[in-house]
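Colleague: Curious how this folds, go ahead:
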Amino acid sequence: MADAAADAAREVWITGVGVVSTLGEGVQAHWQGLNAPPRAADPATWAPFIIHPLAALDLDKQIPKKGDQRQMEAWQRIGTYAAGLALDSAGAKGNAELLARMDMIVAAGGGERDAAVDTTILSGLRTSERPEAFLNERLMNDLRPTLFLAQLSNLLAGNISIVHGVTGSSRTFMGQESAGVDAVRIAHARLQAGQSEIALVGGAYNADQIAALLHFAMGRCLWKGELRPVWDRAGAGGMALGSLGAFLVLEESRHAAARGAKPLARLSTVVSSHVKRRAGAVTAALAQMWSTIAPRRAAHGLAVISGATGVEPATSEERAFLSAQGGIAMRATGSHLGHALEAQFPMNIALAAIALEQGRLFHSFDRSGLEHAMDEPLRQVAVTSIGHWRGEGLALLEALDERMIHDVPSRSRR
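Modeller: Numbers count the residues shown, from 1 in each chain. So this is what the prediction gives:
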């Protein structure tokens, strides 16, 4: 009975966030950016497609060795930098004992192509008398050694381990938006089950690459023309990709209290789904996931932070479902940040935690009429993730007052 009571009392706290995007780096830059009109995206570099480029970073602050910086691709530098910010935020940076038992779960894609090398090889193959030998020679001489492993998404986890010293268990998920959802879901489940005490979880994405844009353009998933808010992309819809990195330090409440870590929010529920995208499927998935948070839903103070992509018909189905939930205030962060696939859900969890720590929801600059002001104090945030093609997820975060935080050390430990 004592063990059962301890299990029931085990909570998951967010004790650190590290975020980088087009808004800049860190909590303050993102809070200020979300409360200001969306910054102009880049419509020219990859016209007719739009991207939200990463703000300039001083990489030396989180990746001090130039050699480490050089051997990483852009998405790895983004993620390693964000992970360092999260460790700083949680007061874990440089704590060798803590980092040695910190688990890590990373959501990442399959790496990046070197477009210049690809172009050179394809051009040379057409005129080479010995194309097989030419191909081998160019691959051996033109690619960095680590680029041979570019399709291994766990390179990001490896670089975080090398640079920041996180050496507990390590897991890496691929699978676009679903990977981000499941990275958070499994970290949360392990902490609740007592299989982990502290975990670093998150992802990174680099939108400024031709291979990614070509991939999504072929799938007719990209937005073209004048940039509009996510909810206001009528017709075919589409994504405006964004470069960003987001990492969270998730921690079992007793563990956090024992080391004096102050939480930003409690992560109460994380669920995922995977439905075939027939008409009404997104609505049904949202309804099923929403039912899992209904028992914890407060009478007042709930808002929604949506990871809506802008791709249709999924975005319209999510919009209709959320509109039917009793006038809850909602915000689609893709209007500010762009869409970053694996990293979008961890980013929105981080932004929800920041808002809860502030005690209020950030402003809306949506022109569609869907998002409205929230005047009451923010107490809960539901974070949605409806993948552009597959995968659905939902999380519930809750505010923690000082009494809740101070009560934790007095609870019985297992």
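Colleague: Strands of the stretch 251-400 of the chain, start to end?
Modeller: In the stretch 251-400 of the chain, the strands defined using DSSP state E, counting those that start in this stretch lie at 265-273, 302-306, 329-332, 380-386, 392-398.
Colleague: Same list, these, but as CSV with distance to Pro229, mean pLDDT and mean neighbour count please.
Modeller: Quick note: C-beta positions are derived from backbone N, CA and C, even for glycine. CSV is the format used below for the strands of the stretch 251-400 of the chain (distance: least, CB to CB, whole Å; pLDDT from 0 to 100; neighbours: other CB atoms under 10 Å):
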stretch, distance to Pro229, mean pLDDT, mean neighbour count
strand 265-273, 26, 96, 21
strand 302-306, 11, 97, 23
strand 329-332, 7, 96, 26
strand 380-386, 16, 97, 26
strand 392-398, 21, 97, 25
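Colleague: of those strands, which approaches Thr45 most closely?
Modeller: Set against Thr45 and scored by CB to CB, the strands of the stretch 251-400 of the chain come closest in strand 329-332, at 23.7 Å.
Colleague: Can you give the strand pairings for that closest one, parallel or anti for each?
Modeller: For strand 329-332, the paired strands and their directions (DSSP bridges) read strand 302-306 (parallel).
Colleague: who's in contact with the strand it pairs with?
Modeller: 230, 318, 322, 325, 328-334, 348, 351-352, 355, 361, 374, 378-384, 386 (CB atoms under 8 Å, 6 or more residues apart in numbering).
Colleague: The same query, at a cut-off of 7 Å, please.
Modeller: 318, 322, 328-333, 348, 351-352, 361, 374, 378-384 (CB atoms under 7 Å, 6 or more residues apart in numbering).
Colleague: Kindly report the same for stretch 357-377.
Modeller: Identification of contacts with stretch 357-377 by CB under 7 Å, 6+ apart yields 31, 34-35, 37-38, 229, 231-232, 264-265, 300-301, 303, 319, 323, 329-331, 335, 355, 378.
Colleague: Give the buried subset of those as a ChimeraX selection command.
Modeller: Buried subset of these, written as a ChimeraX selection, criterion 16 or more other CB atoms under 10 Å:
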select :31,34,38,229,231,232,264,265,301,303,319,329,330,331,335,355,378
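Colleague: Three-state assignment for Ala246, please.
Modeller: Recorded secondary structure, Ala246: strand (DSSP: H, G, I helix; E, B strand; the rest coil).
Colleague: quick one: contacts for the nearest residue to it once chain neighbours are set aside?
Modeller: Residue nearest to Ala246 in three dimensions, not counting chain neighbours: Met347, with 3.6 Å by CB to CB, 6 or more residues apart in numbering. Met347 makes contact with Val19, Leu244, Ala246, Leu337, Ala340, according to CB under 7 Å, 6+ apart.
Colleague: Throw those into JSON lines and include pLDDT and distance to Phe365, thanks.
Modeller: Converted to JSON lines, the contacts of Met347 look like this (pLDDT from 0 to 100; distance: CB to CB, whole Å):
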{"residue": "Val19", "pLDDT": "98", "distance to Phe365": "19"}
{"residue": "Leu244", "pLDDT": "97", "distance to Phe365": "19"}
{"residue": "Ala246", "pLDDT": "98", "distance to Phe365": "21"}
{"residue": "Leu337", "pLDDT": "97", "distance to Phe365": "13"}
{"residue": "Ala340", "pLDDT": "97", "distance to Phe365": "20"}
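Colleague: Out of these, the closest to Arg296 would be?
Modeller: Among those, Ala246 lies closest to Arg296 (CB to CB), at 23.9 Å.
Colleague: thinking again about what came up before, now flag whichever of the contacts of Met347 is closest to Ala308.
Modeller: Looking across those and measuring by CB to CB, the closest to Ala308 is Leu337, at 11.9 Å.
Colleague: Burial check on that closest one, number of neighbours?
Modeller: Leu337 has 30 neighbours, counted by other CB atoms under 10 Å.
Colleague: If anything else comes up later, I'll come back, but that's it for now.
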